[in-house]
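Peer 1: Dropping a prediction and its sequence here:
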Amino acid sequence: MASGNETRDGFDTDILVVGGGINGAGIARDAAGRGLRVTLVEQDDLAAHTSSASTKLIHGGLRYLEYGEVRLVREALIERERLWAMAPHIIWPLRFVLPQTNSPRPAWMVRAGLFLYDHLGGRERLPATETIRLANDPRGDGLRQRGRAFVYSDCWVEDSRLVVLNARDAADRGATVLTRTRLVDAARAGGGWRATLLGVSADAGGERTLTARALVNAAGPWVADILSRVPHARDDRGVRLVKGSHIVVPRLYAGDHAFMLQNPDRRIVFAIPYEGAFTLVGTTDEAWEGAPGRAAIAPHETDYLLETIARYFEAPVTREQIVWSYAGIRPLYDDKAASASAVTRDYVLDLDRGPAGANENAPMLSIFGGKITTYRKLAEHAMAELAETFPDAGSAWTAGATLPGGDFPPEGFEPLLDSLTRDYPALDRALLRRLARAYGTKARVLLGTVRSAADLGEEFGAGLTARELDYLIADEWARTAEDVLFRRSKLGLHVPPGTADRVDAYLARALAPA
């Protein structure tokens, strides 16, 4: 097999991770950093599905307290500031305004939940909850009703970039990352695994066989599908697929705060500043009954989100004003909850060592559920489950380790931008700000010896240049315009019509065999 992993002990790799979402990338990074040989395979692009279709939040999950998910919320709250410190270029604080107008919950209940949220664990630098009167506060501007509101803290995240940076760090530590590569089948053999992989793009390498000591099934919505390809796999765990959809509309209000909006059905919808000119509104929760795949917002979900906007905001929004929508399928652990909104967001790790006999120590670890905020801790728990198989692996290490580009203090973004402005005076500061936000200190690697805008090469709109595309191909596995415009960035909301075709053409030329 053509990979960076050296065959030893009869196996090509120690761990084969199936799935390039946040859980798979996080586990690959953790394992590689412990000295294990890791191969990660993803059938599409990194973060192509669930992990790029979130509400873009690093949060404890305030609403989960209502369902008694105290353990999950505590773990997420502890992780919140830890992740912020790991990747301050793509994670930053956000204040949320929670109006009590239209609230189906009494104010005392909401305040009690926020008190617990503030004190359950992990909050050191984020400000505590405050109570405001929206009639006397600029954060009430744009709302239809301006009564009392609570204001609390969580964090924003560029979700798909978080996945890519975990994969990048895994690769920097020796892992092999294979995108556009599908697991065809896998079976226990020789005390480990023999897997057939199929590259599904021109540069993905065709069909090959890989042997691994352990298999990690982090395929997200496809977790059950992977299990169906493995002979004698356990089937006593279930996954419940829930679709969540979002819309992006012209900016509904001024200010850099977000809103947490309570609807009469007790469901929560967020309104969040997005890409400068827009507001992100979501999410919905509804059961997904079909096979996993690419999801799209349904008309009734659009109506639900537009009705929420009309309930709270003065500015009317019509269906025609929606500039973008996206939907994702969340692979939640099936706890038999009565509604999609009530299904647990906690995760379950299922370790299957196989039938008794010669192959009994050929583990398969399947990941059910989880959320972006707890991915790092989930990866630690996954490695603890596999510790018996890899007794010589290193200890847990990710808690204080920054992700690529994040090696600057969380409060140091403006100084980082100032230093880039000094070192690249010929480049527009707005461009440098975007690059610093996307790549952090790695912006210097991307820019290299650039001394003028002309050195960046062909310009595709909104500051996207050939130099950036070359970096994304070489360092971040970008292969299509969608990878670039809607996962590695959200420039698709800003570029002129026809840009995607131009980007695809450039990528095709760059990736063509010499």
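Peer 2: Received the coordinates, thanks.
Peer 1: any idea how far the residue most central in space within the chain is from Phe413?
Peer 2: Central residue of the chain (CA atoms, centre = their mean): Asp159, 3.4 Å from the mean position. As judged by CB to CB, to the nearest Å, Asp159 and Phe413 stand 19 Å apart. Just so you know, the C-beta spots here come from the backbone N, C-alpha and C atoms, and that holds for glycine as well.
Peer 1: Could you do Gly21 as well?
Peer 2: For Gly21, the distance to Phe413 - CB to CB - is 27 Å.
Peer 1: Which pLDDT value belongs to the residue nearest to the centre of the chain?
Peer 2: Looking at Asp159, its pLDDT stands at 98.
Peer 1: what about stretch 380-394, distance to the chain center?
Peer 2: 24 Å (CA atoms, centre = their mean, to the nearest Å).
Peer 1: Which positions in that stretch come out as buried?
Peer 2: For stretch 380-394, the neighbour count (16 or more other CB atoms under 10 Å) marks 380-383, 385-386, 389-390, 393 as buried.
Peer 1: cool, stretch 249-268 as well?
Peer 2: Here stretch 249-268 shows 249, 252-253, 257-263, 267-268 as buried, counting by 16+ other CB under 10 Å.
Peer 1: Output these in CSV, with secondary structure and distance to Gly328 appended to each entry.
Peer 2: Shown next, in CSV, are those (DSSP: H, G, I helix; E, B strand; the rest coil; distance: CB to CB, whole Å):
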residue, secondary structure, distance to Gly328
Val249, strand, 19
Leu252, coil, 23
Tyr253, coil, 26
His257, coil, 25
Ala258, strand, 19
Phe259, strand, 21
Met260, strand, 20
Leu261, strand, 20
Gln262, strand, 23
Asn263, coil, 20
Arg267, coil, 17
Ile268, strand, 17
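Peer 1: related to what we said a few turns ago, if I pick the closest residue to the residue nearest to the centre of the chain other than its chain neighbours, what's in contact with it?
Peer 2: Leaving aside its chain neighbours, Asp159 sits nearest to Ser54 (4.7 Å; criterion: CB to CB, 6 or more residues apart in numbering). Applying CB atoms under 8 Å, 6 or more residues apart in numbering to Ser54 gives the contacts 159, 244, 328, 372.
Peer 1: Quick check, pLDDT for Ser54.
Peer 2: Per the predicted model, pLDDT is 96 at Ser54.
Peer 1: Check Glu360 too.
Peer 2: 59.
Peer 1: again, but for Arg237
Peer 2: Per-residue pLDDT puts Arg237 at 68.
Peer 1: And the longest helix along the chain, what's buried?
Peer 2: Secondary structure assigned by DSSP state H gives helix 70-86 as the longest helix of the chain. Residues of helix 70-86 classed as buried by neighbour count (16+ other CB under 10 Å): 72-84, 86.
Peer 1: same thing with stretch 396-405?
Peer 2: Buried residues in stretch 396-405, counted by 16+ other CB under 10 Å: 398, 402-405.
Peer 1: hmm, which two among the residues you listed are most spread apart?
Peer 2: Within the buried residues of stretch 396-405, two members stand farthest from each other by CB to CB: Thr398 and Gly405, at 15.9 Å.
Peer 1: shaky segments in the stretch 301-450 of the chain?
Peer 2: 335-344, 356-360 (pLDDT under 70).
Peer 1: Might you report the residue contacts of the residue lying closest to Arg34 once chain neighbours are set aside?
Peer 2: The shortest distance from Arg34 to any non-neighbouring residue, by CB to CB, 6+ apart, is to Gly394 (3.7 Å). Taking CB under 8 Å, 6+ apart, we find Gly394 in contact with 33-35.
Peer 1: And for Asn102?
Peer 2: By CB under 8 Å, 6+ apart, the contact set of Asn102 is 145, 261-264, 311-312.
Peer 1: Just name the closest of those residues to Thr179, please.
Peer 2: Closest to Thr179, out of all of the contacts of Asn102 and judged by CB to CB, is Leu261, at 36.7 Å.
Peer 1: so how far is Pro221 from that closest one?
Peer 2: 27 Å.
Peer 1: Burial check on Ala453, number of neighbours?
Peer 2: Using other CB atoms under 10 Å, Ala453 has 15 neighbouring residues.
Peer 1: wait, isn't it in contact with Ala426?
Peer 2: Yes: the criterion here is CB atoms under 8 Å, and Ala453 meets it with Ala426 at 6.4 Å.
Peer 1: which ones are touching the nearest residue in space to Arg266 that is not next to it in sequence?
Peer 2: Spatial nearest neighbour of Arg266, chain neighbours left out: Pro104 (5.2 Å); criterion: CB to CB, 6+ apart. When contacts are counted by CB under 8 Å, 6+ apart, Pro104 touches 262-266.
Peer 1: Does Arg161 lie in a helix or a strand, and which?
Peer 2: Using DSSP states H and E, Arg161 maps to helix 159-172.
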